[in-house]
Structure formats: C-alpha cells, structure tokens
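Undergrad: My questions concern the predicted model and sequence given below.
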Amino acid sequence: QVQLVESGGGLVQAGGSLRLSCAASGRTFSNYIMGWFRQAPGKEREFVAAISRSGGRTYYADSVKGRFTISRDNAKNTVYLQMNTLKPEDTAVYYCAAGPTTYSSRISDSAREYVYWGQGTQVTVSL
C-alpha cells in the first residue's frame with residue numbers, strides 16, 4: 001500500500017502561482033511513476049503531468065505545457081507540481097497518483113496505470 005497526501009492548494013488570482021506537494025508513505029517511493037490529474041466540476045478527470053521513477057522523464061498535457069512543472073524528491077518521498085501563470089480554467093481538484101513499474105524511464109498519462117490515489121486538493125483560480 002502507498003498512502004498519498006496532497007497539500008498546497010488554495011485560492012489564487014489569474015496569473016498567479018501555486019506549488020502542490022504530494023507526500024507518499026508505505027512502499028518504496030522510487031519504484032513508482034507519479035502523476036498529477038485534475039477534475040473540474042461536471043467534467044471528467046484529466047491528466048496533467050507525469051514523472052518517471054528517477055525523475056529523468058516528464059510529460060505534460062498540452063493545456064499546461066510551459067506553465068506547470070512536475071518534479072520529485074525520492075529522498076523525501078514527495079512529488080511536486082509547480083503551477084505558474086494560472087488561468088481560471090485550471091480550477092479543479094488536483095490528485096496525485098502512483099503507479100508501480102519496473103522500468104525506470106516509464107511514464108504514463110493513463111489513469112489506469114496508477115494504482116494509488118490521494119484525496120485531492122482544491123485549486124481555485126479567480127479572475
């Protein structure tokens with residue numbers, strides 16, 4: 001089992017920044033690809049960003065590319081999502097997720113690849 005706890009959400013004006021954190025406990029953190037997903041009211045959950053086990057590969061949804069940065073610190077069992085130039089359409093509950101893999105460079109944008117999920121943190125971007 002892996003437990004994931006997100007933090008760092010809140011209310012921010014458009015153009016502002018937030019940094020989300022996701023602390024993991026349980027199994028060996030470095031054995032998991034990590035991803036961020038989000039779900040806005042009335043919409044399907046969507047992929048935001050993913051990072052490989054070592055942190056050497058990252059992948060972003062087109063909607064956040066160039067504005068968001070995913071990173072991880074395996075020594076601290078934590079994954080981050082730095083969000084800059086936020087827009088109202090970024091408003092959603094953000095979830096981190098962990099997916100086991102034996103491949104150090106693997107990443108995925110499919111929710112089906114992720115086994116463990118956090119409880120989510122609300123991000124609200126106002127005009």
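TA: That came in fine, so what should we check first?
Undergrad: switch to C-alpha atoms for all contacts and neighbour counts from now on
TA: Will do.
Undergrad: what about the residue nearest to the spatial centre of the chain, helix or strand, and which?
TA: Nearest to the mean C-alpha position of the chain, by C-alpha atoms, centre = their mean, lies W36 at 2.2 Å. Using DSSP states H and E, W36 sits in strand 32-39.
Undergrad: quick one on the thing from earlier: can you tell me how far the residue nearest to the centre of the chain is from L127?
TA: Distance of W36 to L127, computed by C-alpha to C-alpha, to the nearest Å: 24 Å.
Undergrad: hey, where'd the strands end up in this protein?
TA: For the chain, applying DSSP state E gives strands covering 2-7, 10-13, 18-26, 32-39, 46-51, 58-60, 68-73, 78-83, 92-100, 116-117, 121-126.
Undergrad: Could you dump those strands into CSV with distance to S110 and mean pLDDT added?
TA: Shown next, in CSV, are these (distance: least, C-alpha to C-alpha, whole Å; pLDDT from 0 to 100):
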stretch, distance to S110, mean pLDDT
strand 2-7, 18, 96
strand 10-13, 26, 98
strand 18-26, 19, 96
strand 32-39, 9, 98
strand 46-51, 7, 98
strand 58-60, 12, 98
strand 68-73, 16, 98
strand 78-83, 18, 98
strand 92-100, 10, 97
strand 116-117, 13, 98
strand 121-126, 20, 98
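Undergrad: Thank you, goodbye.
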